[in-house]
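Trainee: this one's structure only:
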């Protein structure tokens with residue numbers, strides 16, 4: 001039964017995001033809160049967030065070439081997308097991730113190729 005629920009959840013999962021932070025710094029806390037709010041408002045239940053504290057797991061930062069924190073990486077859908085900063089500018093973050101915002105005139109899902117945005 002658990003396996004079936006897990007598979008069903010995986011099928012609904014459309015977004016997987018990884019946020020690299022440095023301990024519990026104010027900027028890290030702000031980025032975590034902003035990301036959770038953004039996901040709840042715009043991605044509904046179709047997302048998973050993994051938070052990686054590079055102070056506790058420095059090898060993860062090295063392995064994924066993380067040079068600054070907080071840094072958000074889009075894992076799914078696969079695309080080379082990185083956003084650095086507190087994620088306070090929701091519109092820029094959504095645009096970088098390629099999320100279509102409901103209510104925008106003529107908005108289609110953005111395909112930005114490789115997006116790297118600083119201080120969003």
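Mentor: Ah, there it is. Here the structure is a predicted model, which is why all the values come from computation and not from measurement.

Trainee: Any regions of the chain where pLDDT drops low?
Mentor: 1-12, 102-120 (pLDDT under 70).

Trainee: The residue nearest the centre of it: what's it in contact with?
Mentor: Centroid check for the chain by Cα atoms, centre = their mean gives residue 17 as the closest residue, at 3.7 Å. When contacts are counted by Cβ atoms under 8 Å, 6 or more residues apart in numbering, residue 17 is found next to 35, 39, 47, 48, 49, 50, 72, 73, 74, 75, 97. Just so you know, the C-beta spots here come from the backbone N, C-alpha and C atoms, and that holds for glycine as well.

Trainee: and it, which of the three is it?
Mentor: Residue 17 carries the three-state label strand when classified by DSSP: H, G, I helix; E, B strand; the rest coil.

Trainee: Would you map the helices across this structure?
Mentor: Assigned by DSSP state H, the helices in the chain fall at 2-12, 26-42, 58-63, 90-97.

Trainee: Show me just the buried residues among the contacts of residue 17.
Mentor: 35, 39, 47, 48, 49, 72, 73, 74, 97 (16 or more other Cβ atoms under 10 Å).

Trainee: can you count the residues close to residue 53?
Mentor: 17 (other Cβ atoms under 10 Å).
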